[in-house]
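Visitor: Fold the following and give me the result.
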Amino acid sequence: MKKTQVVFFGSLLLLAVALWFFAPSAQQPTMSAPRVTQPVTTNSQPPIILNPQQPPPTQQTVSLVLYVENQLLPTEWLDSWEKKTGTHVEQKNFNPDFPDAIPLDGDVYSISTKWFIPLQNRIELSIISDDSVLAKIDPIFQGHAFDIDNTWSRPWRWTPYLIFKRIPDLKKASAHLVSLYPSDLDLLSAMKLKELGGTISSPDDPRWSEAKNQAKSLLPSKSTDEQACWQALKDGTANTSYLPASLRLCEPREDPAGLTWNVPAKGTIIRMELLTVSRKSSHQKECIDFINFLSSAEIQKQLVDKTGYFSVMGPDIPSAKSSPIPLPDSPQFLWLSHSEYLSSREPKKEQIAPAKPVQPVEAAPKPE
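Guide: You can find the predicted model right below:
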């Protein structure tokens, strides 16, 4: 090969090498774009991407509505229950003047015996009978005509109505004798019926008519709400009234000067409060747990000091016999056996509870 041909081919080789070296696509292989696999979804909603730094959603707090007819529960009880269980209880006070004024949107109710039948006639109540709890309740507070087996109601606290008297200071020119009573016709009628020797639990007692007429004579000039009656006794503007003992027991232990109380000779009226649960509540378990909490020894031991009411439980729980302010005839309480509960005169609509399952009885072993 001639020298000129060698130089020519060598120049071509150098040119090819230079082109390859300086061309960027020549020294690096071409990478295809990564393939993205779209998630398969069964609907048109975009896929949910979880953020690992985002905390999981917290469980929503259960909230119950508790209607209390009389003395409200201490907030410390409700706070303790919410802290222990996560269930918030909102309590509301109610004192209806007539049955149709009873609020029907509650989950749990604390009502006196007078309002049990009107409530049961207006909403369906849950079956809350529990033999293990009833076994601890004093028999005197069980098995009443409005709920003979305590199927839909549970007694949990009580207080007696007593005659309060305050001796007026006769040295004062303004001293005068004034009687002031709660503006509750049913209560005053029952009080007058007891004075006439009648029986509250007997709706056909012929003395009801006379008792009601006597009660009407006290309305409205000699009546007002219970709290106003109590205040009038304390400040001396009234000297006689018929009030629940719980009002006095809620006060500081020092007695107002000259204030006495006694039980009518023929017995008195007992305000017993019942716990009930609405069947409409969407939180049945939480409702049952809450009423069990109110029936527990932990709460029953605090009733008198915190609410002025007495416990319905047996001898292991402080009751009226250990009242911080001695009640009349303590400790015998002979008047209690002659006392009665105020019930509604409204006819009861029949509600049949399912029968309890019969436990099989084992046959006695045959003698050998």
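
Visitor: does the closest residue in space to residue 91 that isn't next to it in sequence sit in a helix, a strand or a coil?
Guide: The spatial neighbour of residue 91 that comes closest, neighbours along the chain excluded (Cβ to Cβ, 6 or more residues apart in numbering), is residue 66 at 4.4 Å. Every C-beta, even on glycine, is put in place using the N, C-alpha and C of the backbone. Here residue 66 is strand, with the state taken from DSSP: H, G, I helix; E, B strand; the rest coil.

Visitor: beta partners for residue 66?
Guide: Residue 66 has these beta-bridge partners by DSSP bridges: residue 91, residue 108.

Visitor: For it, grab the count of nearby residues.
Guide: Residues contacting residue 66 under the criterion other Cβ atoms under 10 Å number 21.

Visitor: List the residues that contact it.
Guide: 73, 89, 90, 91, 92, 106, 107, 108, 109, 110, 290 (Cβ atoms under 8 Å, 6 or more residues apart in numbering).

Visitor: The last one contacts residue 88, correct?
Guide: No - contact status for residue 290 versus residue 88: not in contact, 10.7 Å apart, counting by Cβ atoms under 8 Å.

Visitor: What is the biggest strand by length in the chain packed up against?
Guide: For the chain, the strand with the greatest residue count under DSSP state E is strand 154-166. Applying 3 or more Cβ pairs under 8 Å, 6 or more residues apart in numbering; DSSP states H and E, we find strand 154-166 packed against strand 240-244, helix 246-249, strand 259-262, strand 269-277, helix 284-294, strand 310-311.

Visitor: most packed of these?
Guide: strand 310-311 (a mean of 26; mean count of other Cβ atoms under 10 Å).

Visitor: right, and the helix or strand after it?
Guide: Counting by DSSP states H and E, the next helix or strand C-terminal to strand 310-311 is strand 340-341.

Visitor: separation between the residue nearest to residue 91 and residue 147?
Guide: Relative to residue 147, residue 66 is positioned 20 Å away (Cβ to Cβ, to the nearest Å).

Visitor: now swap in residue 69 and tell me
Guide: 16 Å.

Visitor: Of these two, which one has the most company?
Guide: More crowded of residue 69 and residue 147, by other Cβ under 10 Å: residue 147, with 24 against 19.

Visitor: So what sits opposite that one in the bridge?
Guide: residue 144.

Visitor: Quick check, it in contact with residue 119.
Guide: No - between residue 147 and residue 119 there is no contact under Cβ under 8 Å: 11.2 Å.

Visitor: Considering the helices and strands packed on strand 154-166, which stretch scores lowest in mean pLDDT?
Guide: For the helices and strands packed on strand 154-166, the bottom mean pLDDT is recorded on strand 259-262, which sits at a mean of 85.

Visitor: Any chance you could list what contacts that strand?
Guide: 162, 163, 164, 165, 166, 167, 233, 234, 245, 248, 327, 328.

Visitor: want to throw those residues into CSV with distance to residue 101?
Guide: Converted to CSV, the contacts of strand 259-262 look like this (distance: Cβ to Cβ, whole Å):
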residue, distance to residue 101
162, 28
163, 29
164, 28
165, 33
166, 33
167, 38
233, 28
234, 29
245, 26
248, 28
327, 33
328, 34
